[in-house]
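Q: I would like to see how this sequence folds:
(one chain, ligands or ions: 1)
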Amino acid sequence: MFDFKGYKDASSIEEAVKILKDAPEAEVIAGGSDLLIELRDEPRADLLLVSLRKIEAVHQITMDEGGEIAIGSMVTFDRMEKDEFIMTHLPVLGEAGGTIGGPQLRRVATLGGNVCNGAVSGDSATPLFCYNARLEIAGPEGYRTIPVSEFYLGPGKTDLKKGEILVRILIAKKDYEGFGGNYIKFSRRKALDIANLGATALCKVKDGRFSEVRIALGVAAPVPIRCPGAENFAEGLEVTDDNMKAIGQRAVDDARPRDSWRASKAFRQQLIEVCTERALKAGADLAGK
Ligand SMILES: Cc1cc2nc3c(=O)[nH]c(=O)nc-3n(C[C@H](O)[C@H](O)[C@H](O)COP(=O)(O)OP(=O)(O)OC[C@H]3O[C@@H](n4cnc5c(N)ncnc54)[C@H](O)[C@@H]3O)c2cc1C
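A: Numbering: from 1, shown residues only. Purely as a prediction, here's the structure:
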């Protein structure tokens, strides 16, 4: 069914990097839920698949003494949505992961695969943008770390260079502690459908006012985006329904949606306004309005 040359389990990141360096036709496989679909459509008889599944470090979820959380790239969405630690500290990421595909898919689909696939509809993208996640990447030149906001370069195009591997997703304590948040995925069906729009809002509320607001959108531009105009506008505003509606309207100005067969630009603009407002309302409730 699948036409490729071979499959190798790497036992360490270093070994995986070496295999990728020595065999230019090699590619990383995680859960395979994007890659194998591509392979079915475009068979590659020269392809060597390098699996990370036997490398312990990429399956771990850890917190260091400074409170920074590191999620291994091979952690699945099924695991995250059931993980008490993730749901306590990064609930919006866990909940967004719970909207992906169906239960069977979430048992194989990984966070790292979702990020590296570079899809603008990837459900993990907007929570990661709001949590200011950084990506730890290993390659032939060693390790580098890049903000997730700089990783997406275009539809399906990322900053991952040939031979590089996403090892861990890092989130600092200051970027998750004290926030309330919510993810809204708008799709035609509740399951097994990709987003027409994805909206994440994170906020902190003090004395009935927004002290910090972070908003990120998926499928509202060629890559996932933050909404700096709406975020700046929101800061210091009283937490009222009218203000949250106005913040949703501002988010439309930050976005660059387009017409596609899934949804028109005008419909997406309406989704941006409404989904941002609703995600913020839910986030404000959790932040203790
Ligand atoms: C039926 C179905 C429904 C789906 N529904 C959704 C949905 O609702 N929302 C959504 O966001 N996605 C959805 N997807 C897409 C897919 O499941 C996700 O993007 C998933 O997270 C991909 O992870 P994976 O582990 O399967 O990646 P893989 O398919 O193994 O890899 C994807 C790409 O990333 C590269 N890669 C993977 N891991 C690494 C790494 N650590 N370092 C370097 N490169 C790496 C691979 O080489 C490949 O190019 C769906 C897919 C299917 C088949």
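
Q: Show me the beta-bridge partners of Val213.
A: Cys203 (DSSP bridges).

Q: Then the one 5 residues further on?
A: Per DSSP bridges, residues listed as beta-bridge partners of Gly218: Gly198.

Q: Need the pLDDT of it.
A: Gly218 is assigned 97 on the pLDDT scale.

Q: Can you name the residues of the stretch 101-250 of the chain sitting close to the ligand?
A: By C-beta under 6 Å from any ligand atom, the residues of the stretch 101-250 of the chain that approach the ligand are 101, 105, 108-110, 112-114, 116-117, 121-123, 160, 165-166, 192, 194. Bear in mind the C-beta positions are built from the backbone N, C-alpha and C, glycine included.

Q: ok, now which ones touch the residue of the stretch 101-250 of the chain found nearest the ligand?
A: When distances are taken as C-beta to the nearest ligand atom, the stretch 101-250 of the chain reaches nearest to the ligand at Gly113, 2.1 Å away. Gly113 sits next to 30-31, 33-35, 73 when contact means C-beta atoms under 8 Å, 6 or more residues apart in numbering.

Q: picking that back up, hmm, which of the residues of the stretch 101-250 of the chain next to the ligand are the buried ones?
A: For these, a burial check counting by 16 or more other C-beta atoms under 10 Å picks out 101, 105, 108-110, 112-114, 116-117, 121-123, 160, 165-166, 194.

Q: I'd like to know the phi and psi angles of Ala255, please.
A: Backbone torsions of Ala255, given as degrees, to the nearest 10, read phi -100, psi 160.

Q: The nearest residue to it once chain neighbours are set aside: neighbour count?
A: Spatial nearest neighbour of Ala255, excluding adjacent residues (C-beta to C-beta, 6 or more residues apart in numbering): Ala220 at 3.8 Å. Ala220 sits with 28 neighbouring residues when counted by other C-beta atoms under 10 Å.
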